[in-house]
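In: coords below, sequence missing:
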């Protein structure tokens, strides 16, 4: 269906008579007496048509149609091959003794996975979407950890029927050719023109300025782990498959804190009902009632009717939380029905996660990251549910790609908010609330491992830009060599911290909508971190803050300039300092010890200045 859907879109945007009508209205826009949303709609549609090729010659339109159809097919092929390779790359373990370090719940999961894959008597470790794999922090068997990481890193690039190297090169080639046809230097220039960052140099500077302090922090973290390896007589250098295992030991020694201690307090039902929904009630006045009478596409999907602060129905919310072989990886929000006053539609939105499903009768215990993801995706859901616009073109999350993650990242703050935590973080067996001492350790360890997290993210973002800033004449013939060189050139080729996604399973940029836009999570986090500080300064979890965020920003969707909506809420331009502070980049790596560097200080100040000037 992909090429058919592409052709359908082209039949609209490349229709000369239709565009002539849009052009006529656009030329008279200042004399039409339009309300602000209608005026913005006209500007957006005109821009949509032009960016889609409406002003091209008939011959160039035909070229564009062929390019779009082929890209659509290739993107679908890429996504399907990534899913098939992930399912085919499970790591099979013969003996239980190799699983030392796993909890009973984790062992039950790999046992159930073996049964699902008809490998009775063995254990199966199924890979998740990202390069890093969740069990690496628990497994004591180093050769097994290496097998898992190598299987993850090799996906879709080791030959065979699911290899995506050729697909990647062709997609990049076609995107570059399309950008040229539309009058842009490259695909990144085309994509960024319509984002809040606006142009390539701004994004390049953002990533380039933040990479050095991030990598420096990661190297300091690796050195801390190496000390433990050496003290234990390990006799090896820390590698990517060692990172989670030994960083957890550093965390334990530094904060007297083992993240596995949290899992018994993070039971899925409590997290959603008593955490995610509870925070939404306190901040926005929402209430939720589960519906069992509405058909669902999969038995595990849950449906909730959402009632507004006045008690009237607002939306339907679907929760699709468990992983399954037919489901793509990662987590996302869908709007199955978009709100609009034009058609009188109320929103139907869903959150899709990929939490491993435990065996029947066992509780679904989450990691801290999975809890944060649940709050994050519900932030997207709120954006969709609170939408109050006339036109569906602007509904909910129909905003620039580098702005869409901002409200969802703000909603993550409630995952660790003391009042919310105490309401949902209760032991699944005893019902006892999470101890305050453990909460204190969580708070103290918040900035831990930020060098790793920032570096793996920046590496993927830099790869995205490297691929999409190519001219059609610059497309390489060796995708693996290009990736290696791109990471080296950007200064992020630190082997213990591979990219969050390697090129060959990077679905965000080769099959979803994030091509030349993966930087947007960081860009949005600038706004997010600043907003979180504002909310804290104004009393935190209270209705006044929620009502203001809803009125000034969430309800407006894409009906006005995105950065303008931010400024309307906060009352000023954004600051970058809260982000740098959150990620531990407000000072050089190791500034609390002897590793300070005037050059690093200079780079950090430069990063602050670069973003302050732009934002």
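Out: Looks like it arrived, so ask away. Please read all numbers here as calculations on a predicted model, not as lab measurements. Residues are numbered from 1 along each chain as shown.
In: Neighbours of the closest residue to residue 25 other than its chain neighbours, how many?
Out: Among residues not flanking residue 25 along the chain, residue 42 sits closest, at 5.9 Å (CB to CB, 6 or more residues apart in numbering). For glycine as for every other residue, the C-beta is placed from the backbone atoms N, C-alpha and C. Other residues within reach of residue 42, judged by other CB atoms under 10 Å, total 17.
In: Same check on residue 31?
Out: Residues near residue 31, counting by other CB under 10 Å, number 7.
In: can you check residue 389 too?
Out: 23.
In: State the distance from it to residue 338.
Out: 9 Å (CB to CB, to the nearest Å).
In: And the residue nearest the centre of the chain?
Out: The centroid of the chain falls nearest to residue 521 when counting by CA atoms, centre = their mean (6.5 Å).
In: returning to what we had before: tell me which helix or strand comes right after the helix or strand in which the residue nearest to residue 25 is found.
Out: Per DSSP states H and E: residue 42 is located in helix 36-51. Per DSSP H and E, the first helix or strand lying C-terminal to helix 36-51 is helix 58-88.
In: Helix or strand next in line after that following helix, which one?
Out: Following helix 58-88 toward the C-terminus (DSSP H and E): strand 91-93.
In: Quickly run through the sheet partners of that following strand, with directions.
Out: strand 123-125 (antiparallel) (DSSP bridges).
In: quick one on the thing from earlier: and the helix holding residue 42, average pLDDT?
Out: Helix 36-51 shows a mean pLDDT of 97.
In: chain center to it: distance?
Out: Centroid separation between helix 36-51 and its chain, computed with CA atoms, centre = their mean, to the nearest Å, is 28 Å.
In: re the thing from before, where do the contact lists of residue 389 and residue 338 overlap?
Out: residue 395 (CB atoms under 8 Å, 6 or more residues apart in numbering).
In: who's in contact with the residue nearest to residue 25?
Out: Per CB under 8 Å, 6+ apart, neighbours of residue 42: 22, 25, 26, 29, 32, 34.
In: Output the contacting helices and strands for the helix or strand containing residue 152.
Out: Per DSSP H and E: residue 152 is located in helix 142-154. If you count contacts as 3 or more CB pairs under 8 Å, 6 or more residues apart in numbering; DSSP states H and E, helix 142-154 packs onto strand 91-93.
In: where exactly do the strands run in the stretch 151-300 of the chain?
Out: 287-291 (DSSP state E, counting those that start in this stretch).
In: For the helix or strand residue 532 falls within, list every residue counted as buried.
Out: In the assignment (DSSP H and E), residue 532 maps to helix 520-537. Applying a neighbour-count criterion of 16 or more other CB atoms under 10 Å, one finds 520-535 buried in helix 520-537.
In: following that helix, which helix or strand shows up next?
Out: helix 543-552.
In: any low-confidence regions in this structure?
Out: Applying pLDDT under 70 to the chain flags the ranges 585-615.
In: so what does the strand ranked longest in it touch, helix or strand wise?
Out: In the chain, assigned by DSSP state E, the strand with the most residues is strand 313-322. Applying 3+ CB pairs under 8 Å, 6+ apart, we find strand 313-322 packed against strand 302-307, strand 348-355, helix 368-385.
In: returning to what we had before: if I look at the residue nearest to residue 25, how far off is residue 21?
Out: 11 Å.
In: Repeat that for residue 155.
Out: 48 Å.
In: And for residue 66?
Out: 26 Å.
In: what's the spacing between the residue nearest to residue 325 when sequence neighbours are not counted and residue 78?
Out: Closest residue to residue 325 apart from its sequence neighbours, by CB to CB, 6+ apart: residue 87 at 5.4 Å. Distance, residue 87 to residue 78, by CB to CB: 15 Å.
In: More neighbours: the two, which one.
Out: More crowded of residue 87 and residue 78, by other CB under 10 Å: residue 78, with 24 against 14.
In: Assess the claim that that one and residue 510 are in contact.
Out: Yes - contact criterion CB atoms under 8 Å: residue 78 and residue 510 qualify, at 4.8 Å.
In: Can you check which residues contact both of these two?
Out: 164, 167, 168, 171.
In: And these, which is closest to residue 373?
Out: residue 164 (25.3 Å; CB to CB).
In: Pull the contacting residues for the closest one.
Out: Neighbour list for residue 164: 78, 81, 82, 156, 157, 504, 505, 510 [criterion: CB under 8 Å, 6+ apart].
In: Relative to residue 235, how far out is the nearest residue to it once chain neighbours are set aside?
Out: Spatial nearest neighbour of residue 164, excluding adjacent residues (CB to CB, 6+ apart): residue 156 at 4.2 Å. Look at residue 156 and residue 235: by CB to CB, they are 33 Å apart.
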